[in-house]
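Engineer: Just the structure for this:
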Amino acid sequence: KRYPRDSFYIADKFFIQANPDYKAVFEEQLERLGTDYIDFYLIHSVGDNTSKMYIDSGCIEYFAEQKRLGRIKYLGFSFHASLETLKSFSAYREWDFAQIQLNYYDWLYGSSKAEYELLREKNIPIVVMEPVRGGKLAALGGEAEKLLKESAPDRSVASWAFCWLKRLDGIKVILSGMSNNEQMEDNLNTFADGCALSDEEEKVLFDACAKFKAQLTVPCTACRYCCDGCPAEIDIPAVLTVYNRYKVDGDWALDDIARLDSKGKPKDCVGCGACEGHCPQSIAISDIMSEIAAKGK
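Structural biologist: Below you'll find the predicted structure:
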């Protein structure tokens, strides 16, 4: 209440698997936020399993009515599923925006390009999540990072990801998770100069990405959805980070497992597969835990 309400934006979301009572959830959100409207409201984490749940529940019609009443300014959805689900869900109504995982790695090796092109065909504005893939594209390491530094010594590795996104039309917002002032200042500088990669710079970036892919073994974005409900209370993203280093650097990297701030360790995994059901990247987490456990970790 210290600032005029129209001087900032508020975004919130509804996740049907957390609480299906969408009316109660929305009213509580408004109350806790101390506002009478939300600028950007998302149907959260639309997946192959949740898409029908959202449609059948009636929540979309309810939120559309809240938009008509002025309690929601823009109604959209965030997405983690197959292209077929995106086609059907995006066609269900006229959406104000869609939030997708979009970065140069997933453009080349994932489904980002197809998702982007589908949304552009439907003229749905795009909000980008995971522009640096959970920080993975902020520190490529090895020959990949060397290639970028040789091309532009003063440009941060992370800024390449943002400047590449500036080549694409239809993107309205790029979300970026920052954990310190240095990252925030780097982002501010990147977006202040209006940079967009040239065709030649994009080729350099794609070459670096190919080298990076050769080093990367598990495409974890550290979203942490997998941690909910783990009976062994394993910090799965932290373990997968160590696993990636192990695949590149050898057995010694697994020594970091013992230093993780995690109640459970890979050897405690019971193989229930609960984590895999929540993983947007479809990582075979149980197999990886078994592989690490076989190393005595």
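Engineer: Show me what the helix or strand bottoming out on mean pLDDT in the chain packs onto, helices and strands only.
Structural biologist: Ranked by mean pLDDT, DSSP states H and E, the weakest helix or strand in the chain is helix 236-249, scoring a mean of 86. Helices and strands touching helix 236-249, by 3 or more Cβ pairs under 8 Å, 6 or more residues apart in numbering; DSSP states H and E, are helix 285-293. Quick note: C-beta positions are derived from backbone N, CA and C, even for glycine.
Engineer: Can you give me the buried ones in the helix it packs on?
Structural biologist: Using 16 or more other Cβ atoms under 10 Å as the burial criterion, the residues of helix 285-293 that qualify are 285-286, 288-289, 292-293.
Engineer: of all the residues you listed, which comes closest to Val218?
Structural biologist: Closest approach between the buried residues of helix 285-293 and Val218, by Cβ to Cβ: Ile288, at 6.9 Å.
Engineer: Now do the same contact list for that closest one.
Structural biologist: 218, 239-240, 243, 266 (Cβ atoms under 8 Å, 6 or more residues apart in numbering).
Engineer: again, only using 10 Å
Structural biologist: 217-218, 220, 236, 239-240, 243, 246-247, 266, 269 (Cβ atoms under 10 Å, 6 or more residues apart in numbering).
Engineer: got any ranges where the stretch 151-297 of the chain has weak pLDDT?
Structural biologist: Across the stretch 151-297 of the chain, the stretches falling below the confidence threshold (pLDDT under 70) are 216, 248-249.
Engineer: quick one, helices of it?
Structural biologist: With helices called from DSSP state H, counting those that start in this stretch, the stretch 151-297 of the chain shows them at 157-165, 181-192, 199-215, 236-249, 274-278, 285-293.
Engineer: Tell me who's in contact with the residue nearest to Thr190 when sequence neighbours are not counted.
Structural biologist: With Cβ to Cβ, 6 or more residues apart in numbering as the measure, Ser159 is the residue that lies nearest to Thr190, at 4.3 Å, once sequence neighbours are left out. Listed by Cβ under 10 Å, 6+ apart, the contact partners of Ser159 are 132, 138, 148, 152, 186-187, 189-191, 193, 195.
Engineer: Just the closest of the residues you listed to Tyr105, please.
Structural biologist: Val132 (9.3 Å).
Engineer: Lys73 in helix, strand or coil?
Structural biologist: Of the three states, Lys73 takes strand under DSSP: H, G, I helix; E, B strand; the rest coil.
Engineer: which residues does the closest residue to it other than its chain neighbours contact?
Structural biologist: In this structure, Lys73 finds its nearest non-sequential neighbour in Asp39, 4.7 Å apart by Cβ to Cβ, 6+ apart. Listed by Cβ under 10 Å, 6+ apart, the contact set of Asp39 reads 5-6, 8-12, 72-74.
Engineer: now those: which count as buried?
Structural biologist: Buried residues within the contacts of Asp39, defined by neighbour count using 16+ other Cβ under 10 Å: 10, 12, 72, 74.
Engineer: Output those residues in JSON lines, with pLDDT and distance to Ala81 appended to each entry.
Structural biologist: As requested, those are exported to JSON lines (pLDDT from 0 to 100; distance: Cβ to Cβ, whole Å):
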{"residue": "Ile10", "pLDDT": "98", "distance to Ala81": "26"}
{"residue": "Asp12", "pLDDT": "99", "distance to Ala81": "21"}
{"residue": "Ile72", "pLDDT": "99", "distance to Ala81": "23"}
{"residue": "Tyr74", "pLDDT": "99", "distance to Ala81": "21"}
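Engineer: Output stretch 36-47 as PDB - backbone C-alpha positions only.
Structural biologist: Coordinates of the C-alpha atoms in stretch 36-47 are reproduced here as PDB (Å, rounded to 0.1, in the frame of the first residue of the first chain):
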ATOM      1  CA  ASP A  36      -8.900  -6.300  -5.400                       C
ATOM      2  CA  TYR A  37      -7.400  -7.500  -8.700                       C
ATOM      3  CA  ILE A  38      -4.400  -9.500 -10.000                       C
ATOM      4  CA  ASP A  39      -2.700  -8.400 -13.200                       C
ATOM      5  CA  PHE A  40      -1.500 -11.700 -14.600                       C
ATOM      6  CA  TYR A  41      -3.200 -14.900 -13.500                       C
ATOM      7  CA  LEU A  42      -2.000 -18.300 -14.600                       C
ATOM      8  CA  ILE A  43      -3.500 -21.800 -14.800                       C
ATOM      9  CA  HIS A  44      -0.400 -23.300 -13.400                       C
ATOM     10  CA  SER A  45       1.700 -26.200 -14.800                       C
ATOM     11  CA  VAL A  46      -0.700 -27.500 -17.500                       C
ATOM     12  CA  GLY A  47       0.400 -31.000 -18.200                       C
END
